[in-house]
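In: Build me a structure from this.
(chains A and B)
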There are 2 protein chains.
Amino acid sequence: MAAPINKQFKLAARPVGLPKRSDWSYEETPAPEPKDGELLVKVHYISLDPAMRGWMNAGRSYIRPVEIGEVMRAGTVGEVVASRHPEFPVGEFVSGTQGVQSYAICDGRNLMKIDPKAAPLPKYLNALGMPGMTAYFGLLDVGQPKAGETVLVSAASGAVGQAVGQIAKLKGCRAVGIAGGAEKCEYAVKELGYDACIDYKRGPIFPGLAQHCPDGVDVYFDNVGGDILDAVLTRIRMRARIVICGAISQYNATSAIQGPKNYMSLLVNRARMEGMVVFDWAPRYGEALQQMSQWMAQGKLKSREDVVEGLEHFPETLLKLFSGENFGKLVLKV
Amino acid sequence: MAAPINKQFKLAARPVGLPKRSDWSYEETPAPEPKDGELLVKVHYISLDPAMRGWMNAGRSYIRPVEIGEVMRAGTVGEVVASRHPEFPVGEFVSGTQGVQSYAICDGRNLMKIDPKAAPLPKYLNALGMPGMTAYFGLLDVGQPKAGETVLVSAASGAVGQAVGQIAKLKGCRAVGIAGGAEKCEYAVKELGYDACIDYKRGPIFPGLAQHCPDGVDVYFDNVGGDILDAVLTRIRMRARIVICGAISQYNATSAIQGPKNYMSLLVNRARMEGMVVFDWAPRYGEALQQMSQWMAQGKLKSREDVVEGLEHFPETLLKLFSGENFGKLVLKV
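Out: You can find the predicted model right below:
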């Protein structure tokens, strides 16, 4: 039998601003065969995440950059289709970081078995994957919300925001979202259970903050940075916690990043701003997965995916994240 | 006997940028006599602090603003010269917030007895006063340095910075300062015991940070904000703590405050930035005073004051803080 064709996107150039088609090279090669101790994964779904933009830059960060000529890093779920690894027989489903390609050779490290009967595969890239882990530990460990407090979440209908808002409600907090457009805001309130959601595309968010967080914000879970972070800083309560999970508004900046000019509100309010990277909680993923799966089975935790079909559409699909065009966790179906 | 003359500076206008002479009104009136339960303090020394600039602005902050026509708020030490208050007899020395005036009526609240034999009076506005308390709790409670860590301090020879560096050393840390000019840097190293001090007036501080904090910064105690905060953010270590005590570089800004554009370093390094206001530790001042007095008596804690004589020089003396002209804690001798 002929080897299947492996379709791959490799990084061809370091982008300036938004990634362009020419920043990628697309290649088709025969999928390699696993050697002893290896297995071949057929990738079914690829996770598209804001963090990927950062991985394309050179220089020191929380993870090494993707090198030019390397397959673009991405979270994936797939199926073992050939194996010389005792722990991962053919037919097993796995999640890992197999990158933007249709087949990948692995040695089993950083690979997790998943159960496709317990939840649809894309959920393992969403609430039961990195976004869910990020929401769980970022909110509970870094944000430390107490019942009755107000938790504000930007990108509230995004992969991470969906879970943050629902976990906040499950913990007895008031949850207020910020999202772009009436449809996303309605989804946040009606489907996810946010108490309110502010549409930042309708204009400055100050009136919405005053209306929906009348006593101020205790925990702000920030995925966007920029003007929204600055506006929120004017409304934080005493001893507020700001979780810096991301700053998607700034990832494609070609000039200096916009710093939070209202940061002295941290002093006035004895508040703190703290950065997080979910990988630090890897030893505790199991605990979160168990809880999140249970909530999901009980119908208490919903998640929505925006599935785009066709690996070859990767470059333009990734851009949906930065225009806010995606609605829910963005996933590429191979 | 005729009542003594009370010289007072009142706020006449809310300043735009640096406070001007015309933002103040100077008045001379007979000092009032204490009623039952009151006492009259003759002010000996007035504390001039960066925070005073913030108190002159209208609007919500960590303390109510000084109103137009009100005596300017300031920390003071003085002597009871008339009393109808049982706890504060004539001859007692006290510290409090009697403002920029030579005499003040008090009801005893927020007044603390001090011992002029234990330390010279100006020390009670410096290491044994608010700056010392700020350094003690800001560094130890908010910064939480561990022995062997690197503590970086801006305005290292200023009232708060002096104490922060020395406490850091007493706790077994490496202490690196940032100050303006060779003389202040030399003082920080030779007198205060900093391991090194970077002169920000000689140019960008990046080379100095690389040289003197080769492994990065664990705790940054920030009194200045602006470009220096931004530079330091590029050198923080994993799980660094940034104590936001002040931002003197920005207090007179007439356009938008400069936000820390490198704040995403908090995410990369899982670091936090936390604001503090010393008043929150008032219930624990006694504990700090005891420790600081002991260190001072043992010769382990030095402090330097920059004493300017003459209450009438208040407006121009205050400006020394913002030009960095003062050397040590700035104090006005009445």
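In: and the stretch 151-300 of chain A, which of its residues are near chain B?
Out: A:225, A:230, A:244-247, A:250, A:256-277, A:280 (C-beta under 8 Å from any C-beta of the partner chain). The C-beta positions use only the backbone N, C-alpha and C, and glycine is treated the same way.
In: if you look at those residues, which of them are in helices?
Out: A:Asp230, A:Ser265, A:Leu266, A:Leu267, A:Val268 (DSSP state H).
In: a markdown table for these, including pLDDT, neighbour count and distance to A:Gly181?
Out: As requested, those are exported to a markdown table (pLDDT from 0 to 100; neighbours: other C-beta atoms under 10 Å in any protein chain shown; distance: C-beta to C-beta, whole Å):
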| residue | pLDDT | neighbour count | distance to A:Gly181 |
| --- | --- | --- | --- |
| A:Asp230 | 95 | 18 | 21 |
| A:Ser265 | 95 | 23 | 28 |
| A:Leu266 | 96 | 23 | 30 |
| A:Leu267 | 95 | 24 | 35 |
| A:Val268 | 93 | 19 | 33 |
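In: Farthest pair within these?
Out: A:Asp230 and A:Leu267 (15.4 Å; C-beta to C-beta).
In: which stretches of the stretch 101-250 of chain A have low pLDDT?
Out: Scanning the stretch 101-250 of chain A for pLDDT under 70 picks out no residues.
In: mind listing the strands for it?
Out: A:103-106, A:112-114, A:150-154, A:174-179, A:196-199, A:217-222, A:236-244 (DSSP state E, counting those that start in this stretch).
In: Save the ones you listed as CSV, and put in mean neighbour count too.
Out: Converted to CSV, the strands of the stretch 101-250 of chain A look like this (neighbours: other C-beta atoms under 10 Å in any protein chain shown):
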stretch, mean neighbour count
strand A:103-106, 21
strand A:112-114, 15
strand A:150-154, 30
strand A:174-179, 28
strand A:196-199, 22
strand A:217-222, 27
strand A:236-244, 23
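In: Tell me which of those approaches A:Asn326 most closely.
Out: Nearest of the strands of the stretch 101-250 of chain A to A:Asn326, taken as C-beta to C-beta: strand A:174-179 at 11.6 Å.
In: What lies in contact with that closest one?
Out: The contact list for strand A:174-179, computed with C-beta atoms under 8 Å, 6 or more residues apart in numbering or on different chains, reads A:148-158, A:161, A:164-166, A:168-169, A:185, A:188-189, A:192-200, A:205, A:208, A:212-213, A:217, A:224, A:228.
In: Contacts only, for the residue in the stretch 51-200 of chain A that chain B sits nearest to.
Out: Of the residues in the stretch 51-200 of chain A, the one nearest chain B is A:Tyr62, at a distance of 4.8 Å by C-beta to the nearest C-beta. For A:Tyr62, the contact set (C-beta under 8 Å, 6+ apart) comprises A:Val277, A:Phe279, B:Leu267, B:Val268, B:Asn269, B:Arg270.
In: The first one: what's its closest spatial neighbour, skipping adjacent residues?
Out: Computed as C-beta to C-beta, 6 or more residues apart in numbering or on different chains, the closest residue to A:Val277 that is not its neighbour in sequence is A:Tyr62, at 4.6 Å.
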